[in-house]
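no sequence for this one, just the structure:
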C-alpha cells in the first residue's frame with residue numbers, strides 16, 4: 001500500500017468513526033477519494049502541486065457542479081492530511097470553485113406537509129415531520145436534538161460549521177414533543193434515541209428512511225430531506241418574513257443563499273406590491 005493510499009484510508013476511517021458521516025456521504029467520499037488517489041499520479045501527497053491538481057480537475061470532464069462537489073471532498077481530505085503533514089508544494093488559496101448557475105429550488109407545499117402529518121402513524125413520526133419543517137432543520141440537526149437543546153418552543157441549534165442559531169416550533173408541536181417525552185420516559189439526552197445503540201441518537205439514515213416512508217404514504221414518491229428545509233424558508237417568506245429574519249432562522253451564512261427563495265415567489269410579487277405600496281397617485285387624487 002502506497003503512502004497516499006494509507007492517508008486516504010486514515011481519512012475515511014476518521015470520517016466514519018469520528019465525524020460519523022451518513023452512509024450516503026461515506027459512499028460518495030470513498031468513491032471520490034479513491035478516484036483521486038488512483039488518478040493523481042503520485043504516491044505521496046508531499047509531492048502534490050497546484051498544477052497537478054488543476055490538471056486532475058480538468059481531466060474529470062464533468063459539469064461545473066460535479067467538479068465542485070469532487071473538489072470539496074478532495075480538499076477536505078487534503079486539509080486533514082495537511083494538519084499532520086504540511087503540504088509545502090500545494091497552496092489551498094489557489095483552488096477556486098467553478099461558476100455555476102443557482103439550482104432550481106424545490107419544496108413541498110404546506111398542503112403536502114399537512115397530508116403527511118395526517119398520515120403519520122405515531123407520535124414520533126408526527127414529531128419528526130413537524131419539527132423538521134417548522135424549525136427548518138438539516139437532517140443531522142434533527143437526528144441529534146436533545147432535551148437540553150429545548151427551551152419552550154425555542155431550540156438552540158449547533159449547525160453547519162459550528163455556527164449556533166435559534167430555531168422555533170409551534171405550541172402545537174411543543175405539545176406533541178411533551179407527549180413523546182412522557183410516553184417514553186425521556187427527561188434528558190436525545191429526543192430520538194437509537195433503538196439499538198445505548199446513549200446514541202437515531203441514525204441520520206434511519207431518520208431519512210422514516211421520512212421517506214411517510215412522504216410515500218402521502219403519495220409523494222420522490223423525497224429529499226433538504227426540500228423540507230426549503231419548504232420552511234419558502235413558507236416564511238411567502239407569509240411576509242423579511243430576508244434578514246429568514247436568514248437568521250435558517251442559519252444561512254451568506255445572504256445570497258436566502259435571496260434565492262425570492263425567485264420562487266415571483267407569482268406573488270404583484271399582490272405583495274399592491275399590499276405594501278401604500279401610495280396615493282397625485283393625478284388620481286386630483287381627478
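Right, received. Where do you want to start? Quick caveat, the model's predicted, so the values are computed rather than measured.

Tell me which helix or strand the residue nearest to residue 150 when sequence neighbours are not counted sits in.
In space, and not counting its chain neighbours, residue 150 is closest to residue 177: 7.3 Å by CB to CB, 6 or more residues apart in numbering. Glycine gets a C-beta too; all of them are placed from N, C-alpha and C. Here residue 177 sits within helix 171-184, counting by DSSP states H and E.

Show me the contact partners of that helix.
123-124, 126-127, 130-131, 134, 147, 150, 152-153, 169, 186-187, 191 (CB atoms under 8 Å, 6 or more residues apart in numbering).

from the middle of its chain, how far away would the helix or strand hosting residue 12 be?
Secondary structure from DSSP H and E places residue 12 in helix 3-17. Chain-centre distance of helix 3-17: 24 Å, with CA atoms, centre = their mean, to the nearest Å.

Of all the residues in the next helix or strand along the chain from it, which ones are buried?
Scanning forward in sequence from helix 3-17 by DSSP H and E, the next helix or strand is helix 23-39. Neighbour counts over helix 23-39 (16 or more other CB atoms under 10 Å) mark 25, 29, 32, 33, 36, 37 as buried.

got it, and stretch 209-222?
Buried residues in stretch 209-222, counted by 16+ other CB under 10 Å: 210, 211, 212, 214, 215, 218, 220.

And for stretch 36-50?
36, 37, 40, 45, 47, 48.

any chance of those residues in a markdown table, with distance to residue 91 and pLDDT too?
A markdown table is the format used below for these (distance: CB to CB, whole Å; pLDDT from 0 to 100):
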| residue | distance to residue 91 | pLDDT |
| --- | --- | --- |
| 36 | 18 | 96 |
| 37 | 21 | 96 |
| 40 | 16 | 94 |
| 45 | 14 | 91 |
| 47 | 14 | 91 |
| 48 | 11 | 93 |
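
Could you identify the most distant pair in those?
Using CB to CB, the buried residues of stretch 36-50 reach their maximum pairwise distance at 36 and 47, which is 14.0 Å.

circling back to that earlier point, how big is the angle separating the helix holding residue 12 from helix 23-39?
For helix 3-17 against helix 23-39, the angle by axes from the mean of the first three to the mean of the last three CA atoms, to 10 degrees is 170 degrees.

So which residues make contact with helix 3-17?
If you take CB under 8 Å, 6+ apart as the criterion, helix 3-17 is touched by 1, 21, 25-26, 29-30, 33-34, 37, 40, 42-45, 77, 80-81, 85.

7 Å - rerun?
If you take CB atoms under 7 Å, 6 or more residues apart in numbering as the criterion, helix 3-17 is touched by 21, 26, 29-30, 33, 37, 42-45, 77, 80-81.

Equivalent analysis for stretch 78-88, please.
If you take CB under 7 Å, 6+ apart as the criterion, stretch 78-88 is touched by 7, 11, 14, 45, 46, 48, 90.

what is the mean pLDDT for stretch 121-135?
Stretch 121-135 comes out with an average pLDDT of 93.

re the thing from before, so how far is residue 192 from the residue nearest to residue 150?
Distance of residue 177 to residue 192, given as CB to CB, to the nearest Å: 11 Å.
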